[in-house]
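> have a look; sequence and predicted model below, questions after that.
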Amino acid sequence: TSRAGMEQSLAEGTRGALDPRARVRLIAGLRAFQGDRSRGALRQMLHGDPAPEVRVAALAALGDFVDAAELEEVAGRALTDPDRRVRLGAARLIRRLPAERGVPLLLRALRGEDDPGVLQVAGESVEADGDAFASIALQAAEQGEDLAVIARLARHTRHPAVAGLVPSLAAHVQPEVRAAVSDLLRARPDLANDSALSGLLADPVATDGAD
């Protein structure tokens, strides 16, 4: 049997396997081949398989061999998956993208994210290039975009450049952004500065959750 034939058999087998555990085992074989048939079958499972463990395995396999453009697309969709395990896997994959592509993707995809674990992994993913994260986030903040997401990611990004985001976010007109910054500073007092604190302490919205 040729290599192409074996890969095709595995890809077809994923559609016929009723047991999610069997589909996960087939994914291991497709991961080894890394061909077009493998990629197509893995993407199909990632986007349509009803079992979260299968989607997690398909995402991890795709992360091994797709190029940066496809990884950006795949991870972006997976960040909105209803299962947190898939979203966690996608947040980890963002580390493989350059910051100028990964950070905007996270800011868009995590607008509705409220799972602390996912936000923590996402923050850790951008920490490797914290200067780039802070620069991109500051530009977004100046344009009034994704501000609450920026504050939540900054909570989990241990990089000195992140402190530069706090003053502009703390003074923002949107009360939910100021409240998010207040939460950030309670968790990360190392990011506080006098100007940000004085404004937030006088803000009834930002201090409401501190009681």
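All right, it came through fine. The structure presented is a predicted model; accordingly, all values stated were derived computationally and were not measured.

> switch to C-alpha atoms for all contacts and neighbour counts from now on
Will do.

> any idea how far the residue nearest to the spatial centre of the chain lies from Ala75?
Central residue of the chain (CA atoms, centre = their mean): Ala91, 3.3 Å from the mean position. According to CA to CA, to the nearest Å, Ala91 and Ala75 sit 7 Å apart.

> what does Val103 give?
Per CA to CA, Val103 is found 12 Å from Ala75.

> what's the answer for Arg155, then?
22 Å.

> give me the more crowded residue out of those two.
Neighbour count, other CA atoms under 10 Å: between Arg155 and Ala75, Ala75 has more, with 26 against 22.

> what helix or strand is the nearest residue to the residue nearest to the centre of the chain once chain neighbours are set aside on?
Closest residue in space to Ala91, ignoring its immediate chain neighbours: Ala122 at 5.0 Å, by CA to CA, 6 or more residues apart in numbering. Here Ala122, judged by DSSP states H and E, is contained in helix 116-127.

> other SSEs contacting that helix?
helix 84-93, helix 99-109, helix 147-154 (3 or more CA pairs under 8 Å, 6 or more residues apart in numbering; DSSP states H and E).

> can you say which of the ones you listed is packed in most?
Among those, helix 147-154 has the highest mean neighbour count (mean count of other CA atoms under 10 Å), at a mean of 26.

> same for that helix, what does it pack against?
Helix 147-154 packs on helix 116-127, helix 130-142, helix 175-187, going by 3+ CA pairs under 8 Å, 6+ apart.

> now do it: everything it contacts.
Here helix 147-154 makes contact (CA atoms under 8 Å, 6 or more residues apart in numbering) with 107, 110-111, 119-120, 122-123, 137, 140-141, 162, 169, 176-177, 180-181, 184.
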